[in-house]
Each structure stands twice: as C-alpha cells, then as structure tokens.
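Student: what's the 3D shape of this:
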Amino acid sequence: MLFNTPLFFLFFAGFFLLHAFVFRGRQPRLWLILVGSLVFYAGWNYRFIPLLLFSGCADYVLARAIARTDRPVQKKRLLSLSLFVNLGVLAVFKYSDFALASVADLLSALGQEPSWPTLQVVLPVGISFYTFQSLSYTIDVYRGDTEARHSLLTFLAALSFFPQLVAGPILRARQLLPQLESLPSPTWAGAKHGFALFTLGLFKKTLADLLASSVGLAFDGPRVSVLETWTGVLAFAAQIYGDFSGYTDMALGLALLLGFRLPENFRLPYLATSPVDFWRRWHVSLSTWLRDYLYISLGGNRHHRSRNIMITMALGGLWHGAAWTFVAWGIFHGCLLVATHRLAELPFVERVRSRAGRWLRPLQWALTLYLVLLGWVLFRSSDLTTAWDLFGTLHGAHAAAQPASVAPWLLVFVVFASVTMHLVDWVQLRFGDAIEARGWLFWPLVFLFQLFCFLVGAPSDAFIYFQF
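Tutor: Have a look, this model is predicted:
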C-alpha cells in the first residue's frame with residue numbers, strides 16, 4: 001500500500017475516523033493501531049506478519065528478563081540472545097543469498113566450480129528498519145536508558161506503527177513508547193502541519209519520479225556522453241533525496257494527523273560543507289543509530305577512532321543492501337570521514353580556516369557535493385565494474401557517444417528539480433509556521449502542490465528505500 005495511491009488514502013481516511021472519533025479509550029486505540037498497522041503491512045505481503053510479531057515478542061520478553069536480573073553476566077547473555085535473534089533474522093532473509101554467491105565467486109576465482117543453488121529468499125519489506133528499531137529497545141534497557149515495558153500491546157503497536165514501518169525513520173523506544181502510553185489526541189494545529197508535510201513529501205516524491213528516465217539512461221543502458229552521465233548522477237542524487245525525504249515527510253505528516261510526533265530524518269543534506277556535516281543531515285535516524293549502538297560500542301573517539309569509523313560505515317553500507325557496491329559505498333564514506341577528521345587536526349588547515357572564514361565555505365560545499373555524487377555512483381551501480389566504468393566516463397577517460405540534442409535541457413531540469421526540493425524544504429523550515437498561520441496563503445499553496453502531484457504523479461512508483 002503506497003502512500004501516494006488512492007487505496008492508501010481510503011485506508012487512512014477510515015483509520016483516522018476510527019482513531020479520532022470512535023475508539024476513545026487507550027486500549028481500544030492501541031488495538032486499532034496494531035491491527036491497522038498489520039493490515040497496512042499485509043498489503044505488501046501478509047506472510048511476513050508472523051516474522052514482524054516474532055521479532056517484537058522476542059525483544060519484549062528479553063528486555064523484561066534483562067530488567068528483572070541484577071547479574072551483569074546474565075544481562076549480557078540475554079542481550080547477546082537479542083542480538084543473535086535480530087541479526088540472525090537479517091542474515092537469513094537479507095544476506096544469505098549474498099553470502100552464498102560471494103563464496104561461490106571466490107571459489108570460482110580459485111579454480112573451483114561450486115554448484116549449490118541460491119536460496120532465493122524473498123526480502124520482507126522494511127525488515128532492516130523494524131529490526132534495528134526492535135534491537136535498540138533491548139540495548140536501551142540493558143544500558144538503563146529506558147525501562148522495560150509491561151504492556152506487550154504497547155510495544156508491538158510502537159514497533160509496527162504504520163507511518164514509519166516500512167521505510168523509517170528508525171525510532172528509539174523512548175521516542176514513541178511514551179506517546180503511545182499517553183495517547184495524545186489529534187489537534188487542529190498538528191493536523192494542519194501534518195497535512196502540509198504530507199503534501200510537501202508527495203510533491204518531492206513526484207519530482208523524484210520524473211528523474212527516473214535520466215537515471216536509467218546513465219546507469220542501466222550502454223555508455224552515454226559525459227554530459228548525460230553527469231546528468232544521470234545528478235538526477236539520482238536528486239531522485240534518492242526527493243524519494244526518501246519525501247517518504248519521511250509523509251510519514252511525519254501522517255503521524256501528526258494522528259497526534260504523534262516523529263523525529264526529523266533530513267536536514268538539507270546537499271548543503272553540507274563536509275562529509276561529517278553531510279552525515280549530520282542525511283538519514284539522521286540511521287547515522288545516529290550507528291553512532292550510538294555501533295560506533296560507541298566499538299570505542300568511539302576514545303581509541304582507534306579511524307578503525308571504528310571504517311567498521312561502522314562499512315556495516316552501514318551493508319545495511320542498505322546485500323551487494324558489494326553498498327559495502328564499497330560505505331567504505332568510501334568511511335574514508336571521507338577519516339580524512340576529514342585527520343585534516344581538521346592539522347595546524348595548517350586550522351589556520352587556513354580561521355583566516356578564510358566564510359569565503360572558504362563555497363569551496364567546501366562544492367567539494368563535498370562532488371564527493372557525495374561519486375559515492376552515489378557506487379550506491380546506484382549494478383556492480384563495481386559498472387561503477388568504475390562510470391567514474392571513467394564522468395572524468396573523460398573513455399571515448400563516449402555524443403550527447404543527444406535534448407541533453408542540455410535534461411541537465412537544466414535535473415538541476416531545477418534538485419534546487420526546488422531543497423528550496424521547499426528550506427522555506428518550510430524557515431517560514432512554515434508563518435505560512436500555516438495565514439490561511440489565505442496556506443490553502444492555495446497546498447491546493448497547487450496537490451494539483452501538480454495529481455496531474456503529474458505516478459501512483460505505481462514504489463519508494464526506493466522499500467528495497468532496504
């Protein structure tokens with residue numbers, strides 16, 4: 001059930017009416033959230049509902065057991081069991097075929113000819129998101145950062161909460177569980193802001209879908225010109241931002257319509273002035289999850305910082321997908337982060353930064369964007385050979401075809417779409433409250449954005465991050 005389809009609009013309208021006007025007590029509302037979320041998830045594949053419930057029930061029981069015992073050794077064993085269950089589920093459903101194929105490729109390179117078949121395991125939608133969310137709960141209980149909940153219903157409702165179930169943001173227990181325990185009622189101000197966020201998200205998703213043909217031309221077909229390759233890379237950068245941040249805006253908007261507040265997940269990432277700054281702005285819920293639960297556990301900044309960064313980013317890349325291109329993308333960003341930290345420690349760099357001041361920022365921004373774009377080549381390519389070939393084309397190392405006559409106009413449109421996405425986000429962050437307070441301006445703008453989405457949008461286009 002895609003957010004941008006008439007079927008979902010009907011589903012949400014019925015859910016909202018039941019939530020706001022029919023089910024008034026706390027227990028009935030929690031059951032409505034849980035059952036409604038499972039119905040929403042069944043729209044993708046009902047056979048994986050038991051897997052979602054199993055993950056939730058396992059971590060609920062283990063967190064309760066961790067909270068009851070005072071023995072540190074027993075706590076560690078229970079936490080290890082939670083890690084085994086959650087990471088084991090991911091390993092089977094997401095990485096088993098990748099592992100078998102990688103071993104087969106290695107044996108082939110050594111002269112062997114393995115003949116075993118792959119498992120052809122179907123990837124449950126959203127498994128990476130809800131697994132990390134469920135796992136963070138047991139870790140928080142183990143660390144004493146949150147209390148183990150007595151109500152299984154409340155925990156399952158939080159884990160399966162449908163606005164963010166299949167593509168995030170990745171929530172911590174302390175972000176949603178207290179709201180489900182108090183169950184705030186929808187307010188007019190919250191609903192208005194939520195409707196605005198949903199509309200902006202739908203608008204960015206619509207723009208992102210219009211860029212798909214330029215992306216496919218550069219990444220999926222035969223080699224094209226340097227101009228068309230750069231256009232495709234820029235188009236993918238805009239597409240993945242509009243698609244994923246658009247989903248996040250819609251998720252936050254839907255939650256606000258129901259009275260819940262979810263954390264932001266994007267902060268104008270393509271305005272970043274360093275790789276470190278980029279990861280403070282891009283997919284914030286994942287980057288902070290990796291920082292808090294992996295990087296710090298490895299030792300953080302205290303010792304072996306560079307090693308910890310590389311391990312964290314490599315695993316962060318692997319989280320995105322079972323392919324070496326994602327691992328390479330994570331390692332690439334890990335190298336950028338390590339280099340950024342090392343350069344910042346040099347006295348020469350500090351002197352240049354203090355003297356150049358704000359005049360250095362445009363150069364920092366341009367270099368950061370260039371490096372991020374190179375990373376997206378790894379992320380989007382079907383394999384490392386294709387990525388390497390694209391790197392060569394981008395920098396004129398290959399003799400490529402002449403660009404089509406419309407190529408310059410496609411580049412103009414791609415840049416326009418990317419700037420527009422960031423512009424609407426900036427306006428919403430800077431002037432959103434003022435616009436919402438002026439009904440004569442707010443409602444015409446909402447109508448125009450919705451009209452554009454209705455006339456141009458393609459409801460059949462799934463969101464990119466559903467595959468993760």
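Student: show me which residues of the helix or strand hosting Val103 are buried.
Tutor: Element membership for Val103, per DSSP states H and E: helix 96-109. Neighbour-count burial for helix 96-109 flags 96-98, 104 (criterion: 16 or more other CB atoms under 10 Å). (Glycine included, C-beta is placed from N, CA and C.)
Student: repeat that for stretch 416-434.
Tutor: By 16+ other CB under 10 Å, the buried positions in stretch 416-434 come out as 417-418, 421-422, 424-425, 428, 432.
Student: make TSV out of those and add distance to Pro6, pLDDT and secondary structure.
Tutor: Converted to TSV, the buried residues of stretch 416-434 look like this (distance: CB to CB, whole Å; pLDDT from 0 to 100; DSSP: H, G, I helix; E, B strand; the rest coil):
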residue	distance to Pro6	pLDDT	secondary structure
Ala417	25	94	helix
Ser418	29	93	helix
Met421	24	94	helix
His422	29	93	helix
Val424	24	94	helix
Asp425	26	94	helix
Gln428	26	92	helix
Gly432	27	90	helix
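Student: in CSV: those, plus distance to Thr231.
Tutor: Formatted as CSV, these follow (distance: CB to CB, whole Å):
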residue, distance to Thr231
Ala417, 11
Ser418, 11
Met421, 16
His422, 18
Val424, 22
Asp425, 22
Gln428, 27
Gly432, 31
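Student: and which of those residues is nearest Ala458?
Tutor: Nearest to Ala458 among these: Ala417, at 15.0 Å, using CB to CB.
Student: which residue is the nearest non-sequential neighbour of Val338?
Tutor: With CB to CB, 6 or more residues apart in numbering as the criterion, Val338 has its nearest non-adjacent residue at 4.7 Å, and that residue is Ser306.
Student: torsion angles phi and psi at that neighbour?
Tutor: phi -60, psi -40 (degrees, to the nearest 10).
Student: what's the burial count for it?
Tutor: By the measure other CB atoms under 10 Å, the count of residues near Ser306 is 14.
Student: gap between it and Gly439?
Tutor: Per CB to CB, to the nearest Å, Ser306 is found 54 Å from Gly439.
Student: of the buried residues of helix 96-109, the lowest pLDDT goes to which?
Tutor: Looking at the buried residues of helix 96-109 by pLDDT, the weakest one is Ala104, with 73.
Student: for Ser115, report the pLDDT, please.
Tutor: So Ser115 comes in at 63 (pLDDT).
Student: could you do Ser213 as well?
Tutor: Confidence score, pLDDT, at Ser213: 89.
Student: and it, what helix or strand is that in?
Tutor: helix 212-219.
Student: now that helix, how far from the centre of its chain.
Tutor: Centroid separation for helix 212-219 versus its chain: 21 Å, with CA atoms, centre = their mean, to the nearest Å.
Student: what of stretch 165-185?
Tutor: So, by CA atoms, centre = their mean, the centroid of stretch 165-185 is 17 Å from its chain's centroid.
Student: ends of it, how far apart?
Tutor: With CA to CA, to the nearest Å applied, stretch 165-185 spans 21 Å between its terminal residues.
Student: which parts of that stretch are buried?
Tutor: Going by 16+ other CB under 10 Å, stretch 165-185 has these buried residues: 165-173, 175-177, 179-180, 183.
Student: just to revisit the earlier point, what's the helix holding Val103 packed up against?
Tutor: Helices and strands touching helix 96-109, as assessed by 3 or more CB pairs under 8 Å, 6 or more residues apart in numbering; DSSP states H and E, are absent.
Student: and the next helix or strand after that helix, average pLDDT?
Tutor: Note on helix 96-109: by DSSP H and E, the next helix or strand toward the C-terminus is helix 127-143. Averaged across helix 127-143, pLDDT comes to 93.
Student: hang on, the earlier thing: going by distance to Leu207, which of the buried residues of helix 96-109 wins?
Tutor: Proximity of the buried residues of helix 96-109 to Leu207 (CB to CB) peaks at Phe98, which lies at 32.3 Å.
Student: pLDDT score assigned to the residue nearest to the closest one when sequence neighbours are not counted?
Tutor: Spatial nearest neighbour of Phe98, chain neighbours left out: Ala322 (3.4 Å); criterion: CB to CB, 6+ apart. On pLDDT, Ala322 comes in at 84.
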